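Q: quick one, what's the 3D model for this:
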Amino acid sequence: MRVPRYSEPLTPVEVESKHRRLKRLAAIVAVLLVVFLLLSYRYSPSRPVVYADAEEHFKYGSIGSDVENGLPLRVLKVLPRMFPEYLPEGAPRDLTAFGFIQEPGRDRPVGFSKRRRIIDVVGFNCAACHVGVVKESEAAPARVYVGMPANTVNIQALLNFMFACAADNRFTPEAVVAEIRKDGWLNPFDRFLYANAVSLMQAGLLKRKSQLDRFLLPSHAEFGPGRVDTFNPYKVNQFAEHFRGYTFTDQERFGTVDFPSIWNQKIRHGLNLHWDGDNSSVRERNFSAAFGAGATRENVDAEAIDRVEAWIEDLPPPPYPFARTSDANVVARGQQLFTQYCADCHAVGGKYLGQVTPLPEIQTDEHRLDSYTEKLVPIQHAYGEGYDWSFSHFHKTDGYANAPLDGVWARAPYLHNGSVPTLYDLLTPAERRNGGSTTFYTGHGVYDTANVGFRTDVSTADGRKAFAYVITEPGNSNKGHTGARYGTELSEEDKRALIEYLKTL
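A: Here you go, the predicted structure:
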């Protein structure tokens, strides 16, 4: 081959050869770039699934809980198959075993966000606690209501299940990866990733179990479906660094409450929020709830939470779906009784709406009030220092807050701890509620159209055993909100009229 001198021009053959080499090099670079981009996307370090639709974002979008506390989705999905003995009695071998709602075509239940962190991980979002189910009978299909308390979801059952799996000597990377492979092919690199994820997940779950044991031991009343301990887990998780050396008293151990509804938030600005009225800022309340779902101050997604807030500002409560009286006089009588007995505390514009009724007046179970201590207030304020969502409205109160009653039919069971199954029971003297029985069944979603709430006698639905709520356990009392001023001494006719009006709210 002739080697040209520096100043000699290339021949046409040499030019063509050079062009071919450059084209091959460009093709190789392009292929490598595509492979790099595909791998970067496939194994992204942090890429949440996002949704354009606001309701889809609410049900499946991330609020940041899937960053630090995310769990591998494919691992989570196989555990019910691997460890059915730890599932609730009669439950299917999937995540609906814990009362979560599975919509067709989805790879995870409502209330679970998904984020690619090398592998797909999931975390709780707002919908985990605020999408509920109503059934007309045991055999009827479920009606799903967004914004309603998640009356079938049993968070503690899920936690206990995962802790039991993590402590089982069969929970090994090899066994879990083998089970995942039954759902589809894994390349060698993915098998390596999931094996490591299993080990990390096991260590994380056992650590969390040690933190939460004091609230999940048999000596503590079970949460059951539709309930959670709101603030005590903060003390041993997000706020743990502030609680070193802190001694928990038995008085503050029992903070279990019902999930609330979250529709119609516009009317709640400025009211005392949470069951005990410990915060008067809707935005702060929302961020506090996000931390309860597993987000941390470093990873909470403020934009996503603000987007949910904007959507629930005007989210309407669902209308009562069953038959109502056609007698306008009955409803009018009920409205008169509501004005006389309920409006001051519970109607929009009522003079006591959003204010805290002191415990000696309301006389309901004291445990949730006691669980939020004076010591927690400065810790919450310190936790948010330097962040644009920082807390400044938390405060200790002396009772429980008066909330609006919009969509009250869908917010059963009643009182802050879910101890009163129906509106009729709420209008009954405390000692005669639930027919005087100390136990009733919850979590089945079967509606009591006569008394407006959930039926107390459904021990099994869809083959699943319902949860037995025991009012004698700490934090579960159905006392209080009783006496003439609360309508519990009304005649039977007046109680029924008031209930008919409450159906319209």
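
Q: which residues touch the residue nearest to Ala167 when sequence neighbours are not counted?
A: In space, and not counting its chain neighbours, Ala167 is closest to Leu206: 6.8 Å by CB to CB, 6 or more residues apart in numbering. For glycine as for every other residue, the C-beta is placed from the backbone atoms N, C-alpha and C. By CB atoms under 8 Å, 6 or more residues apart in numbering, Leu206 lies in contact with 163, 166-167.

Q: before we move on, which element is Leu206 in?
A: Assigned by DSSP states H and E, Leu206 belongs to helix 188-216.

Q: what's the answer for Ala304, then?
A: helix 302-312.

Q: before we move on, the earlier item: may I see the contacts of Leu206 organised as a markdown table, with distance to Pro149 and neighbour count added?
A: Converted to a markdown table, the contacts of Leu206 look like this (distance: CB to CB, whole Å; neighbours: other CB atoms under 10 Å):
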| residue | distance to Pro149 | neighbour count |
| --- | --- | --- |
| Phe163 | 25 | 19 |
| Ala166 | 29 | 19 |
| Ala167 | 31 | 13 |
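
Q: neighbours around Ile262, how many?
A: 25 (other CB atoms under 10 Å).

Q: can you give me the strands in the stretch 251-400 of the chain?
A: For the stretch 251-400 of the chain, applying DSSP state E, counting those that start in this stretch gives strands covering 256-258, 356-358, 399-401.

Q: let's have those in TSV, adding mean pLDDT and distance to Gly111.
A: Shown next, in TSV, are the strands of the stretch 251-400 of the chain (pLDDT from 0 to 100; distance: least, CB to CB, whole Å):
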stretch	mean pLDDT	distance to Gly111
strand 256-258	96	16
strand 356-358	98	30
strand 399-401	98	25
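
Q: any weak-confidence spans in the chain?
A: 1-8, 14-15, 18, 26-27, 29-42, 217-219 (pLDDT under 70).

Q: can you list the domains in it?
A: 1-42, 44-128+155-218 (automatic domain parsing).

Q: of those domains, flag the one that's most buried.
A: Of all these, domain 44-128+155-218 carries the top mean neighbour count, a mean of 18, counting by mean count of other CB atoms under 10 Å.

Q: what about it, distance to the chain center?
A: Relative to the chain's own centre, domain 44-128+155-218 is displaced by 15 Å; criterion: CA atoms, centre = their mean, to the nearest Å.

Q: try stretch 477-484
A: Distance, centroid of stretch 477-484 to centroid of chain: 28 Å (CA atoms, centre = their mean).

Q: got it, and stretch 278-294?
A: The answer for stretch 278-294 is 12 Å, by CA atoms, centre = their mean.

Q: now swap in stretch 250-266 and tell me
A: Distance, centroid of stretch 250-266 to centroid of chain: 11 Å (CA atoms, centre = their mean).

Q: what's the answer for stretch 312-323, then?
A: That offset, for stretch 312-323, works out to 19 Å (CA atoms, centre = their mean).

Q: would you map the helices across the stretch 1-150 of the chain?
A: In the stretch 1-150 of the chain, the helices defined using DSSP state H, counting those that start in this stretch lie at 12-42, 54-60, 65-68, 73-82.

Q: got it, and the stretch 201-350 of the chain?
A: Going by DSSP H, counting those that start in this stretch, the stretch 201-350 of the chain shows helices at 232-236, 282-292, 302-312, 328-341, 343-346.

Q: just send those helices back as JSON lines, with distance to His444 and mean neighbour count too.
A: Below are the helices of the stretch 201-350 of the chain laid out as JSON lines (distance: least, CB to CB, whole Å; neighbours: other CB atoms under 10 Å):
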{"stretch": "helix 232-236", "distance to His444": "26", "mean neighbour count": "21"}
{"stretch": "helix 282-292", "distance to His444": "25", "mean neighbour count": "21"}
{"stretch": "helix 302-312", "distance to His444": "27", "mean neighbour count": "18"}
{"stretch": "helix 328-341", "distance to His444": "28", "mean neighbour count": "16"}
{"stretch": "helix 343-346", "distance to His444": "27", "mean neighbour count": "19"}
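
Q: between these, which one is nearest to Arg214?
A: Closest of the helices of the stretch 201-350 of the chain to Arg214 is helix 232-236, at 7.7 Å (criterion: CB to CB).

Q: list the helices and strands the closest one packs on?
A: helix 188-216, helix 282-292, helix 376-383 (3 or more CB pairs under 8 Å, 6 or more residues apart in numbering; DSSP states H and E).

Q: and the last one, C-alpha only, in PDB?
A: Pointing back at helix 376-383 there. The C-alpha trace of helix 376-383 is given here as PDB (Å, rounded to 0.1, in the frame of the first residue of the first chain):
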ATOM      1  CA  LEU A 376     -43.200  15.000  70.800                       C
ATOM      2  CA  VAL A 377     -44.100  18.600  69.800                       C
ATOM      3  CA  PRO A 378     -40.500  20.100  69.800                       C
ATOM      4  CA  ILE A 379     -39.200  16.900  68.200                       C
ATOM      5  CA  GLN A 380     -41.600  17.200  65.300                       C
ATOM      6  CA  HIS A 381     -40.700  20.900  64.900                       C
ATOM      7  CA  ALA A 382     -36.900  20.100  64.900                       C
ATOM      8  CA  TYR A 383     -37.400  17.200  62.400                       C
END
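
Q: tilt between that helix and helix 282-292?
A: 90 degrees (axes from the mean of the first three to the mean of the last three CA atoms, to 10 degrees).

Q: residues touching helix 376-383, excluding its own?
A: 231, 234-235, 238-239, 242-243, 288, 297, 390-392, 394-396.

Q: list buried residues within these.
A: 231, 234-235, 238-239, 242-243, 288, 297, 391, 394-395 (16 or more other CB atoms under 10 Å).

Q: I am finished for the moment; much appreciated.
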